[in-house]
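>>> Have a look; sequence and predicted model below, questions after that.
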Amino acid sequence: MQENRLGEIRMIAFDVDGTLFSSESIIFKTYVQAIEEFASRTGKITNLPSHEQIMNEIGKPVKTIFQNLLPELPSAEQDLVSSRVLELLCDSIRNGGGDFYAGVGSTIHYLKEKGYTITCASNGRRAYVETVLETAGVLQYFDPIVVINGETIHTKGQIIAEYIRKYNLEPSSIVLVGDRHSDWEAARENLCKFGYCSYGHANPGEIPDFDWEFADLTKLKDIF
């Protein structure tokens with residue numbers, strides 16, 4: 001194992017969608033299929049969200065996404081659609097759907113070899129996160145993943161706080177690598193470093209500041 005380049009950094013926590021993987025090519029079809037199946041099964045009419053509406057929700061906690069996209073449905077029925085979306089997404093990813101950003105495998109392997117603890121900080125559910133990482137061939141490089149569970153962990157900031165507690169780390173020794181405001185917010189509220197992936201899904205002006213900017217994923221190897 002090589003020594004890491006930035007001695008004070010101990011952990012690199014990756015967002016998933018817009019950072020390691022893009023679901024953009026499959027997400028709209030998946031959501032539409034799940035909503036249409038629900039409408040057909042229940043006889044309830046729900047307005048189909050637009051592609052833009054769906055993409056604007058990517059990166060938010062799952063509960064928030066479905067509250068915003070399907071506000072006319074009660075929470076329990078939003079959860080039914082959400083579960084079906086998860087099932088369809090995971091099946092699609094396993095069958096080659098979606099797009100991995102270039103260099104996922106080599107970059108994660110490089111960082112692990114340099115001695116960093118590799119973790120995940122995603123608003124996605126465990127099945128989605130692990131399906132993406134397993135399909136990319138990098139799940140084995142990640143330490144046990146903390147996810148939003150709706151009980152003790154409700155936000156990405158709380159995921160990072162749990163890593164700080166669990167590993168007894170100084171906040172400044174953690175870098176959160178991501179592309180959306182929720183990633184920036186989680187890093188800053190925990191006094192961690194933030195690496196901004198400008199190739200991801202962020203809208204112009206969404207990210208107030210960052211410690212490093214990465215034009216593509218492999219650029220992490222130039223810094224770390």
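Received, thanks.
>>> mean confidence for stretch 9-28?
What stretch 9-28 shows for mean pLDDT is 95.
>>> May I have the phi/psi pair for the residue located most distally from the centre of the chain?
Farthest-out residue of the chain from its mean C-alpha position, per CA atoms, centre = their mean: residue 43, at 33.1 Å. Per-residue torsions, residue 43: phi 80, psi 0 (degrees, to the nearest 10).
>>> Residue 106: how many residues sit nearby?
Residue 106 has 13 neighbouring residues, counting by other CB atoms under 10 Å. C-beta: built from backbone N, CA, C; applies to glycine.
>>> any idea how far residue 27 is from residue 199?
Going from residue 27 to residue 199 by CB to CB, to the nearest Å gives 17 Å.
>>> After the lowest-mean-pLDDT helix or strand in the chain, which helix or strand is next?
Of the helices and strands making up the chain, the lowest-confidence element is helix 51-57, at a mean of 86, by mean pLDDT, DSSP states H and E. Counting by DSSP states H and E, the element after helix 51-57 in chain order, helix or strand, is helix 62-69.
>>> Could I get the full set of helices for the protein?
Remark: helices assigned in the chain by DSSP state H are 24-42, 51-57, 62-69, 75-94, 104-113, 126-136, 156-167, 181-189, 220-223.
>>> measure residue 105 to residue 135 for me?
Counting by CB to CB, the gap from residue 105 to residue 135 is 11 Å.
>>> higher neighbour count, those two?
Applying other CB under 10 Å to residue 105 and residue 135 shows that residue 135 carries more neighbours, namely 19 against 13.
>>> In contact with the more buried one, which residues?
Contacts for residue 135 (CB atoms under 8 Å, 6 or more residues apart in numbering) come out as 93, 94, 100.
>>> of the residues you listed, buried ones?
With burial judged by 16 or more other CB atoms under 10 Å, the buried subset of these is 93, 100.
>>> Mind putting the contacts of residue 135 into CSV with distance to residue 219 and pLDDT?
Shown next, in CSV, are the contacts of residue 135 (distance: CB to CB, whole Å; pLDDT from 0 to 100):
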residue, distance to residue 219, pLDDT
93, 25, 98
94, 29, 97
100, 16, 97
